[in-house]
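Novice: next input, structure requested:
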Amino acid sequence: QVQLVESGGGLVQAGGSLRLSCAASGDILSIANMAWYRQAPGRQRDLVASITVSLTTNYADSVKGRFTISRDNAKKTVSLEMNSLKSEDTAVYFCSQDITNMNHHAQRYWGQGTQVTVSS
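Specialist: Got it, this is the predicted structure:
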């Protein structure tokens, strides 16, 4: 069984910074893409940033230059450094990891979500 556990959300003033982390555990053979999504109230879940095994990154236009995604394969962790936060960054943030288990079954797993609130 595979589980993703997120940490690092909270309340911050506009212009501040937060760091989110997401660690995978369980019956894991390999991990391909890792990503962060966010969902504001009444809106769909949108991709914030992604990172491949070869460390190619992709960012939503709204966060380019402010957010940085990184991964630690040994620790099975993906992180999101968020700087110059704006009120419009307020949302529940979800991590995802595309994991192949020891039975060679691959699927996308999701974290439980962590609230990020930016006060203006």
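
Novice: now do the contacts for the residue nearest in space to the middle of the chain.
Specialist: Centroid-nearest residue in the chain, with C-alpha atoms, centre = their mean: residue 36, separated by 2.9 Å. With contact taken as C-beta atoms under 8 Å, 6 or more residues apart in numbering, residue 36 is in contact with 20, 22, 47-50, 69, 78, 80, 93-96. Just so you know, the C-beta spots here come from the backbone N, C-alpha and C atoms, and that holds for glycine as well.

Novice: just to confirm, which helix or strand has it in it?
Specialist: Secondary-structure assignment from DSSP states H and E places residue 36 in strand 28-39.

Novice: list the buried residues of that strand.
Specialist: When neighbours are counted by 16 or more other C-beta atoms under 10 Å, the buried residues of strand 28-39 are found to be 31, 33-38.

Novice: please identify which of those is nearest to residue 110.
Specialist: Set against residue 110, the nearest of these by C-beta to C-beta is residue 37 (8.5 Å).

Novice: how close does that closest one sit to residue 74?
Specialist: Per C-beta to C-beta, to the nearest Å, residue 37 is found 24 Å from residue 74.
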